[in-house]
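>>> no sequence for this one, just the structure:
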């Protein structure tokens, strides 16, 4: 019957597209990483690991994710709780808080560059307040830790919005009755948050964490804008090897490393924040 | 004007059969109600007739023509949906005129037919409104007007009143019956509400587990249920059942002997409706558990020979819980059922 | 007034005090969080609306001089106009492709049960757990082989890969929000599947489709990595800014940053109503 074929016809273009532009390149990038001149080899990985920047890049990327993601989660939970408590002006506040959602990482990097560069707004403000006499340098390879913090601030500023949106959407799904019931049984605001909000938000927390962590491993333009090449990160190395050094194999090996840690963390969050089928709302 | 013939229709979904070999004829201009609990297959059958689903086996004819392969638009039907399905982006006028416009009817004719249908349903003052500005009852009227404006051969209604509140439902029931009588359209009406079925139908088809158990006039479905299921399903409170044992050419239920059918069985079932019982010196006796006054009547729930038994009695009879009372069944209202096949026995 | 009355009224006063104090605290926190988001954007606008000399001066002024020097400098800088045009064209193509491919698939997911549906869903969801920009690497090679390297079309295809999974999920939930009954009603009123879709479903989902199209536009507009890897001559604005970060003067970077931000602001405002519906469904 014609009706039976219809869903497949509707799906076909997107499915073909996914095969060509997702499944095929995903396999291809793996093959590229493990081959050199048409032969199977670990050479690309050897070359990647033996380069002095690899360890730093890996450490910087993981460290950045480790700083940024938990802070974003806490901040978003805080903001989401506040928004759900608001009566008036909720839409306006939510719009303002989600503005960074539409801002690219490159633009965010440039914006924070304007603030943190030597002649930038932060130094000017501190000078105006009489805290410093002359501009201090923050964004220098001599202060790798300060660089890291600067990137972390820009990342938190830019990408907390996505966590917030997911959490607000998830919080909206929790029926009010649960809170009222808990209140009747004598649970205070903190107890209600811990005993109702957090457990009920498991699926949203899971989505937010997976999405944000993967995006954190892909951090790229913010770092380039703020730190240039002074602060190696994995995605930046992919770009370097692919574009500047013209070594696609090594770039692919880097890509597999990013893919590997992304998948590892995804599985980790899927497992830690799993919701048993029977406990779903 | 059309007769609907359903011959051996079956509907199977992946792992279960929703309809088992249905045979049913709906006469021209008849108002047939498909009555049953949810999941009995009544809506599935309606959707097969509408062409929204397709039968796995069997044939459906409308006006003598096989329609199995036809899409809904070619079946000369109109349908009123449970949730009204009033298009939210169109005004009431455009909703009612939607089907006529699809038929490419000239606009003055559309205006005339829409106005007529709207007047029939008393919504002529709402024509410029959108569905969001209407109450549930008004939306319902729009849905019916939209179906009537099509002047279909067959009108299909899927629980059209189930989303209205009780009072409105009663009002609409009477009004709908009047409008449909006037329109003289063959109508199939799906409901789970037996009062609706009783009060509106020319004929009721009681469905259960994908079968049509009985198709007959409302009064005979009520008086002469074809099976134990129909007796227990129709009527509120439902029929009382007691096991009856054969003894000396009689049937004995709860220690009382009755004349019954002559069948080759040791045990059959005795059945009586709660309102067909009168207080008496001899008859079925039992201890009263609960008395619920209902105004004109009182509902007495009692224990007869260890079986739950209900009686609807005049409200001025002084009956208290804990008492033992004796009730005589009206002899011409006693019914008998085969406990194995559950079918009625003559 | 008896002592008991006073005790009661005193009891009444204290919680109100407490409540208004906590309300002030909340208002203050909300304001600070708003400033945290808005001030950096304000500052980049200050830079953009100052002359290139002011941008590098010390100490910096916190109010714009409304000198269009930076803007004109940016606009006349070699390659900027072309990059801007490329960005718009690629984003529009991405928008068209991802809706064109995604909406039919979303409709199929929303309306039909069919074997293979779950496999498809899982693949779509999998794309979210995958660092998609990395796909630009193998695709760069593929594009060279088929002559799509350094083209706007090729880049738009990669951006479509980023945006389409969202388009599928968002449109699927939009279509699920339209009762199937409405379509069925249209069929009984003389429509076939296609006319029912056009006359009933489409008008109802149009705003949502527009919102997800805007979403696709923004995804492409903001994308940096794939754009930088896949284009040389046909750089988009993001790729252009990224590759000129080392040599370009500050004024150019800041004006460029502001130009990147502004459309996103307006677009986000346009789709704000759908934002939460879109991400709400991302949970399932």
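Looks like it came in fine. Not measured: the values here are computed from a predicted model.
>>> Who does the nearest residue to residue B:77 once chain neighbours are set aside form a beta bridge with?
Leaving out its chain neighbours, the residue that sits closest to residue B:77 by CB to CB, 6 or more residues apart in numbering or on different chains is residue B:154, at 4.6 Å. Every C-beta, even on glycine, is put in place using the N, C-alpha and C of the backbone. On the basis of DSSP bridges, residue B:154 is bridged to residue B:77, residue B:186.
>>> Using the record's domain definitions, break chain B down for me.
Listed by automatic domain parsing, the domain ranges of chain B are B:4-233, B:240-345.
>>> Find the closest residue to chain A in the stretch 101-250 of chain C.
For the stretch 101-250 of chain C and chain A, the shortest gap (CB to the nearest CB) falls at residue C:222, measuring 3.2 Å.
>>> swap in the stretch 151-300 of chain B?
residue B:156 (20.0 Å).
>>> Look at that residue and report its pLDDT.
Listed pLDDT for residue B:156 reads 95.
>>> Quick one: residues contacting it.
B:46, B:49-50, B:77-80, B:187-188, B:190, C:188 (CB atoms under 8 Å, 6 or more residues apart in numbering or on different chains).
>>> and it, helix, strand or coil?
Under DSSP: H, G, I helix; E, B strand; the rest coil, residue B:156 falls in the strand class.
>>> Look up the closest residue to it, ignoring the ones flanking it.
The nearest residue in space to residue B:156 (CB to CB, 6+ apart) is residue B:79, at 4.4 Å.
>>> Assign that neighbour to helix, strand or coil.
Here residue B:79 is strand, with the state taken from three-state DSSP.
>>> Quick one: residues contacting it.
The neighbourhood of residue B:79, defined by CB under 8 Å, 6+ apart, consists of B:50, B:72, B:147, B:155-158, C:184-185, C:188.
>>> Ok, residue A:26 next?
Per CB under 8 Å, 6+ apart, neighbours of residue A:26: C:130, C:135.
>>> May I see the buried residues of whichever strand or helix holds it?
Per DSSP states H and E: residue A:26 is located in helix A:24-34. Neighbour counts over helix A:24-34 (16 or more other CB atoms under 10 Å in any protein chain shown) mark A:25-26, A:28-30, A:32-34 as buried.
>>> what is the closest residue to residue B:40 other than its chain neighbours paired to in the beta sheet?
Nearest-residue entry for residue B:40: residue B:207, 4.4 Å, with adjacent residues in sequence omitted and distances by CB to CB, 6+ apart. Beta bridges link residue B:207 to residue B:212, judged by DSSP bridges.
>>> Residue B:207: neighbour count?
Residue B:207 has 27 neighbours, counted by other CB atoms under 10 Å in any protein chain shown.
>>> The stretch 51-200 of chain A: helices as residue ranges?
A:53-85, A:90-98, A:105-116, A:121-128, A:144-172, A:176-184, A:189-192, A:198-200 (DSSP state H, counting those that start in this stretch).
>>> chain center to the third one: distance?
For helix A:105-116, the distance from its own C-alpha centre to the chain's C-alpha centre is 17 Å (CA atoms, centre = their mean, to the nearest Å).
>>> Direction-wise, compare that helix with helix A:121-128 and give the angle.
For helix A:105-116 and helix A:121-128, the angle between their directions (axes from the mean of the first three to the mean of the last three CA atoms, to 10 degrees) works out to 20 degrees.
>>> can you tell if helix A:105-116 touches chain C?
Yes: using CB under 8 Å from any CB of the partner chain, helix A:105-116 reaches chain C at A:105-107, A:110-115.
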